[in-house]
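Participant: Pasted the sequence and its predicted model underneath.
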Amino acid sequence: MRTPFFKPSPSPSRSPLRFTPASSPMRHTFSESLVDENIDNAESLIAKWDPSHQTSSSSSSSLYRDSRQESKRFLKSVKDLQAAMHFFIKEDPASDKLVRAQSLMQTAMKRLEKEFYLILSTNRQYLDPESVSNRSSSVSEGYDDELEDDLNFGGDDSESSGTPERMSLPSSTVMADLKAIADCMISSGYGKECVKVYKIVRKSVVDEALYRLGLDRTLTHSQIQKMDWEVLETKIKCWLPSVKFAVTTVFHGERLLCDHVFASSLPIRESCFGEITHENAIALFGFAECVGTCKTSPEKMFRALDMYEAIANIWPVIESTFSYDSSSAVRSQAVNALVKLGDAARVMLADFEAAIQKDASKAAIPGGGVHPLTRYVMNYLTFLADYSEILTDIVADWPVEAAVPDLGSDASPLSARLTWLVLLVLCKLDAKAKRYKDVALSYLFLANNLQYVVFKVRQSGLRYLLGEDWVAKQEAKVRQYAANYEKMAWSKVLASLPEAQPAVAEMSTSQVKDTFRRFNAAFEEAYKKQVGWLVADPKLRDEVKGSLAKKLLPRYRELHDTRGAPLRRDTFREGIVRFAPEDLGNYLSDLFHGSEGSGSYSSSHSSPSSNKGRSH
């Protein structure tokens with residue numbers, strides 16, 4: 001059968017199936033007919049969804065919501081239109097069919113632009129930064145593969161078996177739809193329109209998220225500088241948990257979404273992400289930088305360290321999220337905030353050191369208890385130890401100029417500085433101890449305060465910064481102070497008693513009476529003087545009492561039991577034997593509680609002065 005596509009071969013040597021030059025116009029006609037068919041098919045579907053031709057009742061309809069399979073055919077139609085336009089531009093640039101294809105393309109882009117907006121605005125619950133951030137990069141790639149298959153081969157008219165499964169992961173579906181539309185519009189030369197819609201909608205999402213966090217980006221540097229500390233601290237407390245969420249969830253989630261939707265274009269990704277997040281990110285870290293330049297005082301140290309730590313902890317996320325060249329200003333702002341906060345921390349630490357050195361309080365603490373300076377400094381240093389990792393960075397290039405004793409050669413700059421601060425307060429305590437007129441009380445004061453220092457060090461991170469050797473040396477000093485106190489306060493009492501049993505047995509009655517009288521006077525004097533003295537630490541208190549009892553009670557019991565019992569009846573009126581051994585133990589147990597009331601006793605063992613004339 002003859003066809004217009006073939007002509008008879010002029011010679012047997014030539015294949016009857018070989019095309020002749022005359023067949024070229026025919027092939028061109030066949031290709032053009034296929035292109036025409038594709039344009040006709042595209043026109044029927046695009047016209048159906050032409051936004052300008054939809055009635056008021058159908059204006060709210062959505063291609064992607066109402067017919068997901070048709071949305072895939074719509075994208076395929078756009079791809080066919082692109083192919084048709086390329087064909088006519090190459091073969092017949094003046095063709096009316098090219099104008100027709102271009103017009104259809106414009107209509108299709110208006111529909112896709114509307115669909116893009118509808119998906120972004122009506123699926124905010126699936127595209128909120130937290131949901132996107134939690135999903136990370138786990139958006140289903142299978143959906144994109146299936147979509148590509150449909151574009152290439154048309155798929156079928158029924159909903160695919162995979163659709164319900166995809167709809168069970170709405171964020172995956174939504175993100176894939178957005179990416180498909182963005183890819184289509186960008187490849188068709190309508191990326192600008194797509195990007196404009198994306199920026200408007202997503203910036204409002206980010207703005208709202210930051211607003212809900214309580215972050216005020218309208219505050220100026222001047223306003224922050226003039227704020228009362230109580231007001232500023234309230235804003236810092238709001239900022240601290242918010243900055244982590246803002247960076248790791250809001251900005252990071254927005255970066256993931258932006259990278260996915262505009263995966264086909266790096267410049268577009270960079271532009272969109274930068275415009276959506278730049279203003280909020282700059283304000284977020286700008287607030288921290290401004291706080292770092294505010295007027296400082298040691299009490300504000302911990303808020304500055306909190307802010308420094310908050311930024312330092314999320315720095316890897318900041319660096320990866322704002323890795324674009326266009327986001328360098330955000331990274332710089334975060335770095336500047338760290339620098340200013342670190343500078344402020346160093347200034348406040350220097351002010352704290354100066355405050356210790358300038359302390360000139362002259363009032364002696366009643367009872368030799370723990371001085372307020374000791375409590376303040378050690379509690380402050382205890383809190384500082386909780387920030388050791390941050391402070392290590394801050395003071396790394398800030399060495400202590402003075403020599404610090406009891407410090408290992410391998411001590412870090414932070415350990416050296418904290419040890420130096422403790423040494424300063426101990427030197428101040430030495431000076432304050434000299435204000436006590438009673439030397440025994442001055443030693444008790446030193447024992448109390450150094451014991452408090454040791455306790456605070458052992459119960460905090462200071463233990464690891466100052467080291468076990470340092471702690472052991474200070475504990476030895478506490479024991480020495482306690483021993484010195486005991487020697488100065490009780491030597492007269494102990495000296496009034498015989499030291500050995502033969503000496504007691506050989507004493508005359510007159511000597512025994514004189515011994516009891518000397519002991520009574522010495523013990524009453526020591527008791528009255530010390531009844532208001534304090535040993536604050538319970539363990540140290542028990543140790544001091546135990547040491548006194550160990551030295552005092554056996555010698556007194558020997559005197560009392562050997563020579564005191566016969567005198568009790570004869571000397572009742574004289575009150576020579578005023579104390580039974582068990583009474584002394586009771587009196588000692590009531591010492592070192594630091595209040596005048598602690599010197600009162602029940603009827604079974606009243607104060608030494610009130611025992612005159614009482615029988616035992």
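Facilitator: Great, that's in hand.
Participant: Just give the closest residue to residue 225, not the sequence neighbours.
Facilitator: With sequence-adjacent residues excluded and distances taken as Cβ to Cβ, 6 or more residues apart in numbering, residue 225 is closest to residue 294, at 6.0 Å. The way it works is simple: take the backbone N, C-alpha and C, and place the C-beta from them, glycine included.
Participant: wait, that neighbour sits on residue 232?
Facilitator: Yes: with contacts counted by Cβ atoms under 8 Å, residue 294 reaches residue 232, the gap being 7.1 Å.
Participant: intersection of neighbour lists for these two?
Facilitator: residue 224 (Cβ atoms under 8 Å, 6 or more residues apart in numbering).
Participant: which regions of the stretch 51-200 of the chain sit below the pLDDT cut-off?
Facilitator: Along the stretch 51-200 of the chain, segments meeting pLDDT under 70 span 54-60, 94, 129, 133-170.
Participant: Helices of that one, start to end?
Facilitator: Here the stretch 51-200 of the chain has its helices, by DSSP state H, counting those that start in this stretch, at 63-66, 68-91, 96-122, 124-127, 129-135, 141-153, 163-167, 170-187, 191-212.
Participant: Now do the same for residue 398: helix, strand or coil?
Facilitator: Following DSSP: H, G, I helix; E, B strand; the rest coil, residue 398 is assigned to coil.
Participant: Check the burial of it by counting its neighbours.
Facilitator: If you count neighbours by other Cβ atoms under 10 Å, residue 398 ends up with 15.
Participant: circling back: export the helices of the stretch 51-200 of the chain to a markdown table and tack on distance to residue 45 and mean neighbour count?
Facilitator: Shown next, in a markdown table, are these (distance: least, Cβ to Cβ, whole Å; neighbours: other Cβ atoms under 10 Å):
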| stretch | distance to residue 45 | mean neighbour count |
| --- | --- | --- |
| helix 63-66 | 10 | 18 |
| helix 68-91 | 5 | 19 |
| helix 96-122 | 9 | 19 |
| helix 124-127 | 27 | 16 |
| helix 129-135 | 31 | 19 |
| helix 141-153 | 14 | 14 |
| helix 163-167 | 19 | 14 |
| helix 170-187 | 14 | 21 |
| helix 191-212 | 20 | 18 |
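Participant: Just send these back as TSV, with distance to residue 494 too.
Facilitator: Shown next, in TSV, are the helices of the stretch 51-200 of the chain (distance: least, Cβ to Cβ, whole Å):
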stretch	distance to residue 494
helix 63-66	97
helix 68-91	99
helix 96-122	90
helix 124-127	83
helix 129-135	74
helix 141-153	89
helix 163-167	91
helix 170-187	83
helix 191-212	73
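Participant: out of those, nearest to residue 592?
Facilitator: Comparing these by their distance to residue 592 (Cβ to Cβ), the top pick is helix 191-212, with 56.9 Å.
Participant: Mind checking the pLDDT average for the biggest helix by length in the chain?
Facilitator: Longest helix of the chain, by residue count under DSSP state H: helix 328-358. Mean pLDDT, computed over helix 328-358, is 95.
Participant: Tell me which residues of that helix come out buried.
Facilitator: 330-331, 333-335, 337-338, 340-342, 344-349, 352-353, 355-356 (16 or more other Cβ atoms under 10 Å).
Participant: helices or strands up against that helix?
Facilitator: Packing partners of helix 328-358 (3 or more Cβ pairs under 8 Å, 6 or more residues apart in numbering; DSSP states H and E): helix 266-292, helix 301-313, helix 315-321, helix 372-385, helix 388-394, helix 413-433.
Participant: relative to helix 413-433, how tilted is that helix?
Facilitator: With axes from the mean of the first three to the mean of the last three Cα atoms, to 10 degrees defining the directions, helix 328-358 sits at 20 degrees from helix 413-433.
Participant: mind checking how far helix 328-358 is from the chain centre?
Facilitator: Mean-position distance between helix 328-358 and its chain equals 17 Å (Cα atoms, centre = their mean, to the nearest Å).
Participant: Just the angle for it relative to helix 372-385, thanks.
Facilitator: On the basis of the same axes, to 10 degrees, helix 328-358 is oriented at 160 degrees to helix 372-385.
Participant: Can you tell me how far the residue nearest to residue 225 is from residue 48?
Facilitator: The gap separating residue 294 from residue 48 is 63 Å, by Cβ to Cβ, to the nearest Å.
Participant: okay, now residue 243: neighbour count?
Facilitator: 24.
Participant: That one contacts residue 312, correct?
Facilitator: No: the criterion here is Cβ under 8 Å, and residue 243 misses it with residue 312 at 11.2 Å.
Participant: so who does the residue positioned nearest the centre of the chain touch?
Facilitator: Centroid-nearest residue in the chain: residue 310, 4.4 Å away (criterion: Cα atoms, centre = their mean). Residues counted as contacts of residue 310 (Cβ under 8 Å, 6+ apart) are 240, 243, 244.
Participant: Which single one of these is nearest to residue 466?
Facilitator: Nearest member of the contacts of residue 310 to residue 466, counting by Cβ to Cβ, is residue 240, at 28.7 Å.
Participant: Run the angle between the helix or strand hosting the closest one and helix 301-313 for me.
Facilitator: Per DSSP states H and E, residue 240 falls inside helix 229-245. Going by the same axes, to 10 degrees, helix 229-245 is angled at 20 degrees with respect to helix 301-313.
Participant: and residue 446, what is it in contact with?
Facilitator: 429, 430, 433, 481.
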